[in-house]
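Participant: just the structure for this:
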Amino acid sequence: MKTTPADRLAATILHGFEAYRTRFKAITQDAHRRFREGAWHEGQQASVDRINLYQQKVQEGLASLKQAFSEDTLAHCDLWREARAQYAERISQRLDYELAETFFNSLFCAVFNHRHIRNDWMFVESSRTDAAHRSGIELCRRHKVEGDWQNALRRALEGAGLENPFADMARDTRLGAARLAEHLPAAIAHAHGAEIELLNSIFYRNKGAYLVGRISGGGQHVPLILPIRHSERFDEQAGADPGLHLDTVLLEPDDVAIVFSFTRAYFQVDVPVPGEFVDYLQTLMPHKPAGELYAAIGFFKHGKTEFFRALNRQVAKREDKFVIAPGVRGMVMAVFVLPSFRTVFKIIKDKFDPAKDVTHAVVREKYRLVKRHDRVGRMADTQEFSNFVVRKDHFDPECLAHLLDVAPSTVFLKGEKVIIKHCYTERMMTPLNIYLEQCDDEAQLAVLKDYGDAIKQMAAANIFPGDMLLKNFGVTRQGRVIFYDYDEVCYLTDCHFRAIPVSSGGDYLSGGNESFSIGPHDIFPEEFGPFMFASPERLRLFKTFHPELFEVSYWQGLQQAIVDGRIIDVYPYGNEQRFVDAEQ
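Facilitator: You can find the predicted model right below:
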(Lines give C-alpha, C1' and ligand atoms only; values in the text may rest on other atoms or scores of the structure.)
Protein backbone atom coordinates (compact mmCIF):
# COMPACT_ATOMS: atom_id res chain seq x y z
CA MET A 1 0.00 0.00 0.00
CA LYS A 2 1.32 3.40 -0.96
CA THR A 3 2.25 5.58 2.01
CA THR A 4 1.35 9.25 2.23
CA PRO A 5 3.85 12.05 2.99
CA ALA A 6 2.29 12.32 6.45
CA ASP A 7 2.89 8.59 7.04
CA ARG A 8 6.53 8.96 6.01
CA LEU A 9 7.00 12.07 8.16
CA ALA A 10 5.58 10.32 11.22
CA ALA A 11 7.64 7.18 10.57
CA THR A 12 10.86 9.16 10.11
CA ILE A 13 10.39 11.02 13.40
CA LEU A 14 9.50 7.84 15.27
CA HIS A 15 12.59 6.12 13.86
CA GLY A 16 14.71 8.96 15.25
CA PHE A 17 12.98 8.70 18.62
CA GLU A 18 13.62 4.96 18.81
CA ALA A 19 17.31 5.54 18.06
CA TYR A 20 17.42 8.09 20.88
CA ARG A 21 15.70 5.77 23.36
CA THR A 22 17.94 2.82 22.47
CA ARG A 23 21.09 4.81 23.14
CA PHE A 24 19.63 6.51 26.23
CA LYS A 25 18.79 3.12 27.75
CA ALA A 26 22.24 1.74 26.95
CA ILE A 27 24.01 4.63 28.70
CA THR A 28 21.63 4.43 31.67
CA GLN A 29 21.75 0.67 32.15
CA ASP A 30 25.55 0.69 32.10
CA ALA A 31 25.46 2.71 35.33
CA HIS A 32 25.20 -0.61 37.20
CA ARG A 33 28.59 -1.69 35.86
CA ARG A 34 30.15 1.71 36.47
CA PHE A 35 29.06 1.60 40.09
CA ARG A 36 30.30 -1.99 40.50
CA GLU A 37 33.72 -1.08 39.13
CA GLY A 38 33.98 2.37 40.69
CA ALA A 39 34.37 3.94 37.23
CA TRP A 40 33.63 7.44 38.49
CA HIS A 41 35.29 9.42 35.69
CA GLU A 42 33.49 7.29 33.15
CA GLY A 43 30.26 7.99 34.98
CA GLN A 44 30.80 11.74 34.76
CA GLN A 45 31.34 11.48 31.02
CA ALA A 46 28.28 9.25 30.64
CA SER A 47 26.17 11.91 32.34
CA VAL A 48 27.38 14.56 29.87
CA ASP A 49 26.94 12.19 26.92
CA ARG A 50 23.36 11.43 27.89
CA ILE A 51 22.47 15.12 28.15
CA ASN A 52 24.08 15.84 24.77
CA LEU A 53 22.39 12.80 23.23
CA TYR A 54 18.97 14.40 22.89
CA GLN A 55 20.09 17.31 20.75
CA GLN A 56 22.33 15.02 18.71
CA LYS A 57 19.37 12.79 17.84
CA VAL A 58 17.16 15.79 17.08
CA GLN A 59 19.79 17.07 14.64
CA GLU A 60 20.08 13.64 13.04
CA GLY A 61 16.29 13.48 12.77
CA LEU A 62 16.20 16.94 11.17
CA ALA A 63 18.82 15.85 8.63
CA SER A 64 16.70 12.78 7.79
CA LEU A 65 13.62 14.96 7.28
CA LYS A 66 15.49 17.32 4.99
CA GLN A 67 16.78 14.39 2.98
CA ALA A 68 13.30 12.85 2.63
CA PHE A 69 11.30 16.04 2.00
CA SER A 70 11.82 19.31 0.19
CA GLU A 71 12.01 22.51 2.21
CA ASP A 72 8.66 23.66 0.79
CA THR A 73 6.97 20.38 1.72
CA LEU A 74 8.26 20.50 5.30
CA ALA A 75 6.97 24.06 5.65
CA HIS A 76 3.33 23.02 5.12
CA CYS A 77 1.52 22.95 8.45
CA ASP A 78 -1.25 20.79 6.97
CA LEU A 79 1.33 18.05 6.48
CA TRP A 80 2.28 18.27 10.14
CA ARG A 81 -1.39 18.17 11.19
CA GLU A 82 -1.82 14.86 9.37
CA ALA A 83 1.55 13.56 10.61
CA ARG A 84 0.59 14.40 14.19
CA ALA A 85 -2.50 12.21 13.90
CA GLN A 86 -0.49 9.38 12.31
CA TYR A 87 2.23 9.66 14.95
CA ALA A 88 -0.28 9.65 17.81
CA GLU A 89 -1.69 6.39 16.44
CA ARG A 90 1.78 4.85 16.10
CA ILE A 91 2.75 5.63 19.71
CA SER A 92 -0.63 4.95 21.31
CA GLN A 93 0.51 1.64 22.83
CA ARG A 94 4.01 2.72 23.79
CA LEU A 95 4.93 2.84 27.48
CA ASP A 96 6.96 6.00 26.83
CA TYR A 97 4.38 7.73 24.62
CA GLU A 98 4.81 11.10 26.39
CA LEU A 99 8.54 11.13 25.66
CA ALA A 100 7.75 10.30 22.02
CA GLU A 101 5.39 13.29 21.86
CA THR A 102 8.12 15.58 23.15
CA PHE A 103 10.54 14.27 20.51
CA PHE A 104 7.96 15.06 17.80
CA ASN A 105 7.67 18.57 19.26
CA SER A 106 11.44 19.00 19.14
CA LEU A 107 11.55 18.13 15.42
CA PHE A 108 8.62 20.45 14.71
CA CYS A 109 10.38 23.30 16.55
CA ALA A 110 13.65 22.57 14.72
CA VAL A 111 11.85 22.89 11.36
CA PHE A 112 9.82 25.99 12.26
CA ASN A 113 12.37 27.66 14.55
CA HIS A 114 10.03 27.47 17.55
CA ARG A 115 7.19 29.24 15.74
CA HIS A 116 3.60 28.12 15.03
CA ILE A 117 3.22 26.50 18.45
CA ARG A 118 -0.31 25.12 18.09
CA ASN A 119 -1.88 21.88 19.24
CA ASP A 120 -3.12 21.24 15.69
CA TRP A 121 0.43 20.69 14.47
CA MET A 122 2.33 19.41 17.52
CA PHE A 123 1.65 18.08 21.00
CA VAL A 124 1.12 21.28 22.98
CA GLU A 125 -1.22 19.06 24.99
CA SER A 126 -0.84 15.31 25.20
CA SER A 127 -2.60 12.99 22.74
CA ARG A 128 -3.95 11.11 25.76
CA THR A 129 -7.10 13.01 26.66
CA ASP A 130 -7.85 10.80 29.65
CA ALA A 131 -5.80 8.68 32.02
CA ALA A 132 -3.66 6.14 30.24
CA HIS A 133 -4.31 2.49 30.98
CA ARG A 134 -1.92 0.97 33.48
CA SER A 135 0.86 -1.14 32.04
CA GLY A 136 0.57 -3.94 34.59
CA ILE A 137 4.35 -3.86 35.09
CA GLU A 138 5.27 -4.20 38.75
CA LEU A 139 7.56 -1.34 39.69
CA CYS A 140 8.21 -2.30 43.32
CA ARG A 141 9.29 -5.13 45.58
CA ARG A 142 8.03 -5.45 49.16
CA HIS A 143 9.46 -6.84 52.37
CA LYS A 144 7.23 -7.58 55.36
CA VAL A 145 8.68 -6.35 58.64
CA GLU A 146 7.01 -8.85 60.99
CA GLY A 147 8.40 -7.09 64.04
CA ASP A 148 12.05 -7.28 62.95
CA TRP A 149 13.18 -4.07 61.25
CA GLN A 150 16.82 -5.13 61.06
CA ASN A 151 15.98 -8.31 59.20
CA ALA A 152 13.59 -6.45 56.90
CA LEU A 153 16.38 -3.98 56.05
CA ARG A 154 18.76 -6.85 55.38
CA ARG A 155 16.33 -8.41 52.91
CA ALA A 156 15.76 -5.01 51.29
CA LEU A 157 19.50 -4.49 50.76
CA GLU A 158 20.16 -8.03 49.59
CA GLY A 159 17.24 -7.86 47.18
CA ALA A 160 18.65 -4.84 45.36
CA GLY A 161 20.84 -6.97 43.10
CA LEU A 162 24.06 -5.08 43.73
CA GLU A 163 26.92 -7.39 42.85
CA ASN A 164 29.49 -6.00 45.27
CA PRO A 165 29.29 -7.54 48.75
CA PHE A 166 28.53 -5.44 51.81
CA ALA A 167 31.51 -5.03 54.12
CA ASP A 168 29.43 -5.43 57.29
CA MET A 169 25.76 -6.06 56.63
CA ALA A 170 25.02 -6.71 60.30
CA ARG A 171 26.42 -3.33 61.35
CA ASP A 172 24.61 -1.47 58.57
CA THR A 173 21.24 -3.01 59.31
CA ARG A 174 21.65 -2.53 63.05
CA LEU A 175 22.37 1.18 62.57
CA GLY A 176 19.56 1.45 60.04
CA ALA A 177 17.05 -0.22 62.37
CA ALA A 178 18.10 2.14 65.16
CA ARG A 179 17.51 5.12 62.90
CA LEU A 180 14.06 3.80 62.00
CA ALA A 181 13.20 3.24 65.68
CA GLU A 182 14.17 6.83 66.41
CA HIS A 183 12.33 8.54 63.55
CA LEU A 184 9.41 6.39 62.40
CA PRO A 185 5.95 7.43 63.57
CA ALA A 186 4.71 5.03 66.23
CA ALA A 187 1.66 4.13 64.16
CA ILE A 188 3.96 2.72 61.48
CA ALA A 189 6.76 1.38 63.68
CA HIS A 190 4.41 -0.85 65.68
CA ALA A 191 1.84 -1.60 63.00
CA HIS A 192 0.86 -5.16 62.23
CA GLY A 193 1.61 -5.72 58.54
CA ALA A 194 4.20 -2.93 58.23
CA GLU A 195 6.36 -3.31 55.15
CA ILE A 196 9.27 -1.80 53.29
CA GLU A 197 8.45 -1.08 49.66
CA LEU A 198 11.21 -0.19 47.19
CA LEU A 199 11.29 0.52 43.49
CA ASN A 200 13.01 -2.32 41.63
CA SER A 201 15.19 0.16 39.77
CA ILE A 202 18.31 1.50 41.47
CA PHE A 203 19.05 5.22 41.22
CA TYR A 204 22.72 5.87 40.41
CA ARG A 205 24.42 9.25 40.68
CA ASN A 206 28.08 10.16 41.19
CA LYS A 207 29.49 7.58 43.65
CA GLY A 208 26.16 6.56 45.13
CA ALA A 209 23.44 3.97 44.53
CA TYR A 210 20.07 4.85 46.02
CA LEU A 211 17.18 2.53 46.88
CA VAL A 212 13.97 4.57 46.81
CA GLY A 213 10.53 3.75 48.13
CA ARG A 214 8.47 4.02 51.28
CA ILE A 215 7.57 2.35 54.56
CA SER A 216 3.88 1.62 55.11
CA GLY A 217 1.87 0.55 58.12
CA GLY A 218 -1.18 1.47 60.13
CA GLY A 219 -2.75 3.17 57.13
CA GLN A 220 0.18 5.60 56.86
CA HIS A 221 3.38 5.76 54.88
CA VAL A 222 6.63 7.73 54.91
CA PRO A 223 9.20 8.03 52.10
CA LEU A 224 12.39 6.00 52.36
CA ILE A 225 15.79 6.37 50.71
CA LEU A 226 18.69 3.99 51.40
CA PRO A 227 21.95 5.46 50.02
CA ILE A 228 24.63 2.84 49.37
CA ARG A 229 28.30 3.60 48.79
CA HIS A 230 31.64 1.96 48.41
CA SER A 231 34.15 2.24 51.20
CA GLU A 232 36.12 5.49 51.26
CA ARG A 233 39.21 3.34 50.52
CA PHE A 234 37.75 1.98 47.26
CA ASP A 235 39.40 4.61 45.06
CA GLU A 236 42.79 4.21 46.65
CA GLN A 237 43.29 0.47 46.36
CA ALA A 238 43.51 0.03 42.59
CA GLY A 239 40.40 -2.06 42.24
CA ALA A 240 40.44 -3.79 45.63
CA ASP A 241 36.91 -3.54 47.01
CA PRO A 242 36.56 -3.36 50.81
CA GLY A 243 32.80 -3.66 50.30
CA LEU A 244 29.65 -1.61 50.21
CA HIS A 245 27.99 0.09 53.15
CA LEU A 246 24.62 1.64 53.91
CA ASP A 247 25.53 5.29 54.33
CA THR A 248 22.36 6.46 56.08
CA VAL A 249 18.57 6.09 56.16
CA LEU A 250 16.46 9.04 54.97
CA LEU A 251 12.83 9.33 56.04
CA GLU A 252 12.06 13.04 56.29
CA PRO A 253 10.19 14.52 53.31
CA ASP A 254 12.62 17.45 53.12
CA ASP A 255 15.61 15.09 53.03
CA VAL A 256 14.01 13.09 50.22
CA ALA A 257 13.20 16.28 48.29
CA ILE A 258 16.83 17.40 48.56
CA VAL A 259 18.06 14.11 47.10
CA PHE A 260 15.79 14.76 44.10
CA SER A 261 16.53 18.49 44.02
CA PHE A 262 16.55 20.61 40.85
CA THR A 263 20.10 21.55 41.87
CA ARG A 264 21.57 18.08 41.31
CA ALA A 265 22.77 15.99 38.40
CA TYR A 266 20.16 13.76 36.79
CA PHE A 267 19.92 10.20 38.09
CA GLN A 268 20.90 7.24 35.94
CA VAL A 269 17.97 4.91 36.58
CA ASP A 270 16.25 2.31 34.43
CA VAL A 271 12.63 3.46 34.03
CA PRO A 272 10.27 0.83 32.55
CA VAL A 273 7.17 3.08 32.40
CA PRO A 274 8.08 6.78 32.74
CA GLY A 275 4.59 8.08 33.55
CA GLU A 276 3.89 5.46 36.19
CA PHE A 277 7.39 5.88 37.61
CA VAL A 278 6.87 9.63 38.04
CA ASP A 279 3.41 9.03 39.51
CA TYR A 280 5.00 6.82 42.16
CA LEU A 281 7.70 9.40 42.95
CA GLN A 282 4.98 12.01 43.40
CA THR A 283 3.43 9.87 46.15
CA LEU A 284 6.75 10.33 47.99
CA MET A 285 7.17 14.00 47.05
CA PRO A 286 3.68 15.40 46.38
CA HIS A 287 4.91 19.00 46.29
CA LYS A 288 7.39 18.38 43.48
CA PRO A 289 6.08 19.21 39.99
CA ALA A 290 5.94 16.33 37.53
CA GLY A 291 8.32 18.19 35.20
CA GLU A 292 10.97 18.39 37.89
CA LEU A 293 10.72 14.66 38.55
CA TYR A 294 10.93 13.77 34.86
CA ALA A 295 14.11 15.86 34.71
CA ALA A 296 15.51 14.23 37.86
CA ILE A 297 15.40 10.79 36.18
CA GLY A 298 17.03 12.06 32.99
CA PHE A 299 14.07 13.10 30.82
CA PHE A 300 14.82 16.81 31.08
CA LYS A 301 13.29 17.63 27.69
CA HIS A 302 9.98 16.12 28.67
CA GLY A 303 10.36 17.89 31.99
CA LYS A 304 10.40 21.09 29.94
CA THR A 305 7.19 19.98 28.17
CA GLU A 306 5.47 19.35 31.51
CA PHE A 307 6.68 22.71 32.80
CA PHE A 308 5.31 24.52 29.73
CA ARG A 309 1.92 22.84 30.05
CA ALA A 310 1.71 23.66 33.76
CA LEU A 311 2.70 27.27 33.07
CA ASN A 312 -0.02 27.61 30.42
CA ARG A 313 -2.59 26.29 32.88
CA GLN A 314 -1.45 28.68 35.58
CA VAL A 315 -1.42 31.72 33.29
CA ALA A 316 -4.93 30.85 32.11
CA LYS A 317 -6.19 31.16 35.71
CA ARG A 318 -5.26 34.88 35.64
CA GLU A 319 -4.53 34.86 39.37
CA ASP A 320 -1.66 37.31 38.94
CA LYS A 321 0.57 38.92 36.33
CA PHE A 322 4.24 38.75 35.41
CA VAL A 323 6.16 41.30 37.49
CA ILE A 324 9.77 42.36 37.94
CA ALA A 325 11.56 39.96 40.29
CA PRO A 326 12.21 41.25 43.81
CA GLY A 327 15.76 42.11 44.79
CA VAL A 328 18.67 43.94 43.17
CA ARG A 329 18.32 44.12 39.39
CA GLY A 330 21.00 42.22 37.50
CA MET A 331 23.71 43.75 35.35
CA VAL A 332 23.42 41.06 32.66
CA MET A 333 19.94 39.58 33.05
CA ALA A 334 16.47 41.10 33.25
CA VAL A 335 14.46 38.89 35.59
CA PHE A 336 10.70 38.66 36.02
CA VAL A 337 8.35 36.26 37.80
CA LEU A 338 4.80 34.97 37.88
CA PRO A 339 4.52 34.88 41.70
CA SER A 340 1.91 32.11 41.85
CA PHE A 341 4.07 29.79 39.73
CA ARG A 342 7.28 29.94 41.80
CA THR A 343 9.47 30.35 38.71
CA VAL A 344 11.82 33.09 37.55
CA PHE A 345 12.26 34.04 33.89
CA LYS A 346 15.65 35.42 32.85
CA ILE A 347 16.37 37.38 29.67
CA ILE A 348 19.82 38.50 28.53
CA LYS A 349 19.92 42.28 28.25
CA ASP A 350 20.97 43.99 25.02
CA LYS A 351 23.60 46.05 26.87
CA PHE A 352 25.41 45.06 30.03
CA ASP A 353 26.59 47.30 32.82
CA PRO A 354 30.22 48.45 32.23
CA ALA A 355 31.53 46.19 35.00
CA LYS A 356 30.50 43.11 33.00
CA ASP A 357 32.95 42.20 30.24
CA VAL A 358 30.95 39.40 28.58
CA THR A 359 28.88 38.90 25.44
CA HIS A 360 25.52 37.24 24.72
CA ALA A 361 27.34 34.22 23.28
CA VAL A 362 29.54 33.90 26.36
CA VAL A 363 26.54 34.05 28.72
CA ARG A 364 24.71 31.34 26.80
CA GLU A 365 27.81 29.15 26.84
CA LYS A 366 28.06 29.57 30.63
CA TYR A 367 24.51 28.32 31.01
CA ARG A 368 25.28 25.34 28.77
CA LEU A 369 28.32 24.57 30.90
CA VAL A 370 26.22 24.42 34.09
CA LYS A 371 23.54 22.32 32.38
CA ARG A 372 26.09 19.62 31.56
CA HIS A 373 28.13 19.83 34.75
CA ASP A 374 27.52 18.12 38.09
CA ARG A 375 25.60 20.81 39.98
CA VAL A 376 26.35 19.13 43.35
CA GLY A 377 23.11 20.41 44.87
CA ARG A 378 24.31 24.01 44.71
CA MET A 379 23.43 25.28 41.22
CA ALA A 380 19.91 25.66 39.89
CA ASP A 381 18.87 23.70 36.82
CA THR A 382 17.49 25.81 33.97
CA GLN A 383 15.18 25.34 31.02
CA GLU A 384 15.77 27.30 27.83
CA PHE A 385 12.91 28.62 25.68
CA SER A 386 12.80 30.27 22.26
CA ASN A 387 9.97 32.40 20.83
CA PHE A 388 7.99 32.33 24.03
CA VAL A 389 4.58 34.00 23.43
CA VAL A 390 2.44 35.59 26.17
CA ARG A 391 -0.55 37.89 25.94
CA LYS A 392 0.28 41.53 26.70
CA ASP A 393 -2.39 41.79 29.41
CA HIS A 394 -0.66 39.02 31.41
CA PHE A 395 2.19 41.46 32.18
CA ASP A 396 2.30 44.18 34.77
CA PRO A 397 2.83 47.39 32.69
CA GLU A 398 5.98 48.35 34.61
CA CYS A 399 7.49 44.90 34.05
CA LEU A 400 6.73 44.91 30.33
CA ALA A 401 8.11 48.43 29.90
CA HIS A 402 11.34 47.37 31.64
CA LEU A 403 11.80 44.32 29.40
CA LEU A 404 11.13 46.31 26.23
CA ASP A 405 13.63 48.92 27.39
CA VAL A 406 16.57 46.67 28.37
CA ALA A 407 16.15 43.85 25.83
CA PRO A 408 14.41 45.24 22.70
CA SER A 409 16.17 42.72 20.45
CA THR A 410 14.75 39.86 22.52
CA VAL A 411 11.37 41.17 23.68
CA PHE A 412 8.92 42.87 21.33
CA LEU A 413 5.21 43.33 20.75
CA LYS A 414 3.15 41.83 17.97
CA GLY A 415 -0.36 43.15 18.32
CA GLU A 416 -1.62 42.07 21.74
CA LYS A 417 1.10 39.45 22.14
CA VAL A 418 4.53 39.69 23.75
CA ILE A 419 7.18 37.74 21.85
CA ILE A 420 10.25 36.67 23.84
CA LYS A 421 12.85 35.32 21.46
CA HIS A 422 14.96 33.67 24.15
CA CYS A 423 14.76 33.17 27.91
CA TYR A 424 15.77 30.85 30.74
CA THR A 425 13.58 29.62 33.57
CA GLU A 426 14.66 28.60 37.07
CA ARG A 427 12.94 27.67 40.30
CA MET A 428 12.13 30.76 42.36
CA MET A 429 14.13 31.25 45.56
CA THR A 430 14.55 34.05 48.09
CA PRO A 431 17.68 36.06 47.17
CA LEU A 432 20.27 35.56 49.89
CA ASN A 433 20.74 39.29 50.51
CA ILE A 434 16.98 39.68 51.12
CA TYR A 435 16.84 36.53 53.26
CA LEU A 436 19.59 37.85 55.54
CA GLU A 437 17.70 41.09 56.11
CA GLN A 438 14.56 39.23 57.15
CA CYS A 439 15.74 36.20 59.13
CA ASP A 440 16.44 35.87 62.86
CA ASP A 441 19.89 35.42 64.39
CA GLU A 442 19.73 31.61 64.45
CA ALA A 443 18.72 31.41 60.78
CA GLN A 444 21.43 33.93 59.90
CA LEU A 445 24.14 31.72 61.38
CA ALA A 446 22.78 28.65 59.58
CA VAL A 447 22.57 30.35 56.20
CA LEU A 448 26.00 31.98 56.49
CA LYS A 449 27.50 28.56 57.13
CA ASP A 450 25.57 27.10 54.21
CA TYR A 451 26.66 29.95 51.93
CA GLY A 452 30.28 28.96 52.51
CA ASP A 453 29.44 25.28 52.14
CA ALA A 454 27.86 26.04 48.77
CA ILE A 455 31.01 27.78 47.54
CA LYS A 456 33.19 24.91 48.78
CA GLN A 457 31.03 22.21 47.21
CA MET A 458 30.95 23.95 43.84
CA ALA A 459 34.72 24.31 44.03
CA ALA A 460 35.09 20.59 44.82
CA ALA A 461 33.20 19.94 41.56
CA ASN A 462 35.65 22.21 39.66
CA ILE A 463 33.29 25.21 39.49
CA PHE A 464 34.23 28.73 40.56
CA PRO A 465 31.17 31.03 40.71
CA GLY A 466 33.13 34.15 39.81
CA ASP A 467 30.67 36.70 41.16
CA MET A 468 30.06 35.69 44.77
CA LEU A 469 27.82 38.61 45.74
CA LEU A 470 24.95 37.63 48.03
CA LYS A 471 22.37 38.67 45.45
CA ASN A 472 23.58 35.93 43.10
CA PHE A 473 22.60 33.20 45.57
CA GLY A 474 19.14 32.13 46.66
CA VAL A 475 17.69 30.27 49.64
CA THR A 476 15.27 27.35 49.17
CA ARG A 477 12.36 26.52 51.45
CA GLN A 478 14.65 23.99 53.19
CA GLY A 479 17.11 26.81 53.97
CA ARG A 480 19.72 25.63 51.45
CA VAL A 481 21.85 28.21 49.64
CA ILE A 482 21.87 27.84 45.85
CA PHE A 483 23.88 29.71 43.22
CA TYR A 484 21.90 30.93 40.20
CA ASP A 485 23.84 33.64 38.35
CA TYR A 486 26.13 32.02 35.78
CA ASP A 487 27.53 34.79 33.60
CA GLU A 488 30.95 34.68 35.32
CA VAL A 489 31.10 30.98 36.19
CA CYS A 490 34.24 29.09 35.13
CA TYR A 491 36.20 25.94 35.86
CA LEU A 492 38.18 26.20 39.08
CA THR A 493 41.23 24.79 37.31
CA ASP A 494 41.19 27.76 34.90
CA CYS A 495 41.67 30.23 37.78
CA HIS A 496 45.00 31.57 39.01
CA PHE A 497 44.77 32.05 42.77
CA ARG A 498 47.36 34.49 44.09
CA ALA A 499 48.34 36.17 47.31
CA ILE A 500 48.50 39.95 47.23
CA PRO A 501 52.22 40.77 47.19
CA VAL A 502 53.76 42.96 49.85
CA SER A 503 55.26 46.21 48.59
CA SER A 504 58.08 48.14 50.19
CA GLY A 505 55.49 50.48 51.70
CA GLY A 506 53.32 47.72 53.11
CA ASP A 507 50.75 45.47 51.47
CA TYR A 508 48.80 46.85 48.56
CA LEU A 509 45.49 46.69 50.36
CA SER A 510 46.74 49.08 53.04
CA GLY A 511 47.96 51.72 50.68
CA GLY A 512 51.25 50.75 49.04
CA ASN A 513 51.98 53.05 46.10
CA GLU A 514 53.67 50.50 43.88
CA SER A 515 51.74 48.60 41.23
CA PHE A 516 51.76 44.97 40.13
CA SER A 517 50.35 43.22 37.10
CA ILE A 518 47.06 41.32 37.25
CA GLY A 519 46.23 38.66 34.67
CA PRO A 520 42.69 38.01 33.37
CA HIS A 521 42.36 34.82 35.45
CA ASP A 522 44.04 36.10 38.62
CA ILE A 523 41.97 35.81 41.79
CA PHE A 524 42.97 37.12 45.24
CA PRO A 525 41.11 35.30 48.05
CA GLU A 526 42.21 37.95 50.56
CA GLU A 527 39.88 40.37 48.78
CA PHE A 528 36.77 38.19 49.05
CA GLY A 529 35.54 39.59 52.38
CA PRO A 530 34.55 43.19 51.53
CA PHE A 531 33.30 42.01 48.15
CA MET A 532 30.95 39.43 49.68
CA PHE A 533 29.76 41.36 52.75
CA ALA A 534 28.97 45.02 53.30
CA SER A 535 28.42 44.19 56.98
CA PRO A 536 31.66 43.71 58.99
CA GLU A 537 29.73 41.69 61.57
CA ARG A 538 28.42 39.22 58.98
CA LEU A 539 31.92 38.90 57.56
CA ARG A 540 33.25 38.14 61.04
CA LEU A 541 30.61 35.47 61.56
CA PHE A 542 31.25 33.98 58.13
CA LYS A 543 34.98 33.75 58.82
CA THR A 544 34.32 31.76 61.99
CA PHE A 545 32.80 29.05 59.77
CA HIS A 546 34.99 29.29 56.68
CA PRO A 547 38.36 30.99 57.34
CA GLU A 548 40.07 28.83 54.70
CA LEU A 549 38.09 30.45 51.86
CA PHE A 550 40.32 33.52 52.28
CA GLU A 551 43.55 31.51 51.97
CA VAL A 552 45.31 30.92 48.66
CA SER A 553 46.54 27.51 49.79
CA TYR A 554 42.99 26.21 50.18
CA TRP A 555 42.06 26.98 46.58
CA GLN A 556 45.36 25.76 45.18
CA GLY A 557 44.96 22.50 47.11
CA LEU A 558 41.53 21.92 45.58
CA GLN A 559 42.91 22.64 42.13
CA GLN A 560 45.70 20.10 42.62
CA ALA A 561 43.26 17.44 43.81
CA ILE A 562 41.16 17.96 40.67
CA VAL A 563 44.21 17.91 38.39
CA ASP A 564 45.29 14.68 40.09
CA GLY A 565 41.99 13.11 39.06
CA ARG A 566 40.41 12.96 42.49
CA ILE A 567 36.60 13.13 42.44
CA ILE A 568 35.42 14.79 45.63
CA ASP A 569 31.93 13.49 46.35
CA VAL A 570 29.26 15.81 47.71
CA TYR A 571 26.54 14.01 49.63
CA PRO A 572 22.89 15.08 49.26
CA TYR A 573 22.50 14.90 53.06
CA GLY A 574 24.47 16.13 56.05
CA ASN A 575 27.61 14.44 57.39
CA GLU A 576 25.85 14.18 60.75
CA GLN A 577 23.30 11.83 59.15
CA ARG A 578 25.90 9.40 57.84
CA PHE A 579 26.77 6.08 59.50
CA VAL A 580 30.40 6.21 58.39
CA ASP A 581 31.81 7.16 61.81
CA ALA A 582 29.25 5.38 63.95
CA GLU A 583 30.55 2.84 66.47
CA GLN A 584 34.17 3.58 65.57
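
Participant: and the residue lying closest to Val580 once chain neighbours are set aside, what does it touch?
Facilitator: Nearest residue to Val580, sequence neighbours excluded (Cβ to Cβ, 6 or more residues apart in numbering): Asp247, at 6.7 Å. The way it works is simple: take the backbone N, C-alpha and C, and place the C-beta from them, glycine included. Contacts for Asp247 (Cβ atoms under 8 Å, 6 or more residues apart in numbering) come out as Gly208, Pro227, Ile228, Arg229, Tyr571, Arg578, Phe579, Val580.

Participant: among these, who's most crowded?
Facilitator: When neighbours are counted by other Cβ atoms under 10 Å, Pro227 leads these with 24 neighbours.

Participant: for that one, name its beta-bridge partners.
Facilitator: Tyr210 (DSSP bridges).

Participant: so who does it touch?
Facilitator: Gly208, Ala209, Tyr210, Leu246, Asp247, Thr248, Leu250, Val259, Tyr571, Pro572, Tyr573.

Participant: so what's the fourth one up against?
Facilitator: For Leu246, the set of contacting residues under the criterion of Cβ under 8 Å, 6+ apart consists of Leu153, Leu157, Phe166, Asp172, Thr173, Leu175, Gly176, Leu226, Pro227, Ile228, Phe579.

Participant: dig out what the third one forms beta bridges with.
Facilitator: What that stands for is Phe166. Going by DSSP bridges, Phe166 is paired in beta bridges with Leu244.

Participant: could you report the neighbour count for it?
Facilitator: Phe166: 18 surrounding residues under other Cβ under 10 Å.

Participant: now it: how far from Leu157?
Facilitator: 7 Å (Cβ to Cβ, to the nearest Å).

Participant: common neighbours of these two, please.
Facilitator: Asp172, Leu246.

Participant: so how far is stretch 73-87 from its chain's centroid?
Facilitator: Relative to its chain's centre, stretch 73-87 lies at 34 Å (Cα atoms, centre = their mean, to the nearest Å).

Participant: where in the chain is pLDDT low?
Facilitator: Applying pLDDT under 70 to the chain picks out residues 1-2, 129-133, 233-240, 503-516, 581-584.

Participant: domain parsing for it?
Facilitator: Annotated domains of the chain cover 5-112, 140-313, 317-429, 432-577 [automatic domain parsing].

Participant: out of those, which gets nearest to Arg118?
Facilitator: When those are compared by Cβ to Cβ, domain 5-112 sits nearest Arg118, at 8.1 Å.

Participant: from start to finish, how long is the closest one in a straight line?
Facilitator: End-to-end distance for domain 5-112, by Cα to Cα, to the nearest Å: 18 Å.

Participant: now the closest residue in space to Phe267 that isn't next to it in sequence, which residues is it bridged with?
Facilitator: Nearest-residue entry for Phe267: Phe203, 4.5 Å, with adjacent residues in sequence omitted and distances by Cβ to Cβ, 6+ apart. Note on Phe203: beta-bridge partners by DSSP bridges are Tyr210.

Participant: got phi/psi on the closest residue to Thr410 other than its chain neighbours?
Facilitator: With sequence-adjacent residues excluded and distances taken as Cβ to Cβ, 6+ apart, Thr410 is closest to Lys421, at 4.9 Å. With angles defined as degrees, to the nearest 10, Lys421 sits at phi -70, psi -30.

Participant: circling back to that earlier point, could the domains of the chain go into TSV alongside distance to Met122?
Facilitator: Listed next are these as TSV, based on distance: least, Cβ to Cβ, whole Å:
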stretch	distance to Met122
domain 5-112	4
domain 140-313	10
domain 317-429	13
domain 432-577	30
